[in-house]
Structure formats: C-alpha cells, structure tokens
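> No letters, just coordinates:
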C-alpha cells in the first residue's frame with residue numbers, strides 16, 4: 001500500500017510559479033514511477049508528467065513541456081512538480097499517482113492516488 005498526500009496548491013497570477021509536493025508513505029517508494037495528473041471542471045483527468053523510480057526519464061505532456069519540471073527525492077519519499085509561467089488553462093485539481101509500470105500516461109495504469117490539490121491561475 002502507498003498513501004499519497006499532495007500539498008502546495010493555491011491561487012497565483014498568470015506568469016507566476018507554484019511548487020507542488022507529494023509525500024508518500026511506505027518503504028518502497030523508489031520502486032514506483034510517479035505521475036502528476038490534473039482535472040479541470042467538466043473535463044477528464046489528464047496526464048501532466050511522470051518520472052521513473054530512480055529519477056530518470058522525466059516525461060511531459062506537450063502543453064507543459066518547458067514550463068513544468070517533475071523531480072523526486074527518494075530519501076524523503078517525495079515527488080515534486082515545479083510549475084513556472086503558469087497560464088489560466090493550467091487551473092485544475094492536481095493529483096499525484098504511483099505505478100510500478102513505466103512509461104505510463106493513462107489514468108488506468110496508476111494504482112495509488114492522492115486526494116488532490118487545487119491550483120488556480122488568474123488572468
């Protein structure tokens with residue numbers, strides 16, 4: 001079992017930055033690839049970024065590539081999402097998720113999910 005808790009969301013103006021954190025329980029954190037997803041009102045949950053268990057191979061959806069950076073600290077059982085140059089269309093609830101598979105971008109491929117953290121970008 002892996003429990004995930006996100007933090008770091010909030011309200012920011014367009015062009016600003018936020019850093020999301022996701023703390024994981026358990027002693028096998030490094031064996032999981034981690035992903036960030038987001039869900040805007042009235043839309044399906046969509047993939048944002050993923051990173052492998054050993055921290056290699058970051059992968060991003062095209063709309064955030066060059067603006068967002070995913071990273072992890074296995075000693076702290078934490079994965080991060082640094083979000084720069086935020087746009088109003090980035091507004092959503094952001095979720096972190098864990099999977100033993102790599103590389104996966106589908107919601108159905110992830111086994112464990114956090115409760116989500118709201119990110120709101122004002123224009």
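Perfect, I can see it now. Computed from a predicted structure; not experimentally measured. Residues are numbered from 1 along each chain as shown.
> Excluding covalently adjacent residues, which one is nearest to the residue minimising distance to the centre of the chain?
Taking C-alpha atoms, centre = their mean, the centroid of the chain lies closest to residue 36, which sits 2.3 Å from it. Leaving aside its sequence neighbours, residue 36 sits nearest to residue 48 (C-beta to C-beta, 6 or more residues apart in numbering; 4.3 Å). In this view, the C-beta of every residue, glycine as well, is placed from N, C-alpha and C.
> which strands and helices sit next to the one helix or strand the residue nearest to the centre of the chain maps to?
Per DSSP states H and E, residue 36 falls inside strand 33-39. Using 3 or more C-beta pairs under 8 Å, 6 or more residues apart in numbering; DSSP states H and E, the elements in contact with strand 33-39 are strand 18-24, strand 46-51, strand 68-73, strand 78-83, strand 92-99.
> Those: which one's closest to residue 116?
Nearest of those to residue 116, taken as C-beta to C-beta: strand 92-99 at 4.2 Å.
> partners of the helix or strand that comes right after that closest one, with directions?
Where DSSP H and E defines the elements, the next helix or strand beyond strand 92-99 is strand 112-113. According to DSSP bridges, strand 112-113 forms sheet pairs with strand 92-99 (antiparallel).
> Report the buried residues of the partner strand.
92-99 (16 or more other C-beta atoms under 10 Å).
> Let me know whether residue 14 touches residue 89 as I believe.
No. In this structure, residue 14 is not within contact of residue 89 by C-beta atoms under 8 Å, at 9.7 Å.
> which residues are in contact with both of the two?
residue 121 (C-beta atoms under 8 Å, 6 or more residues apart in numbering).
> Listing request: residues of the chain with sub-threshold pLDDT.
Regions of the chain meeting the criterion pLDDT under 70 are absent.
> Quick check: residue 50 vs residue 73, distance?
16 Å (C-beta to C-beta, to the nearest Å).
> More neighbours: which of these two?
Legend: neighbour count by other C-beta atoms under 10 Å for residue 50 and residue 73, higher for residue 50 (25 against 12).
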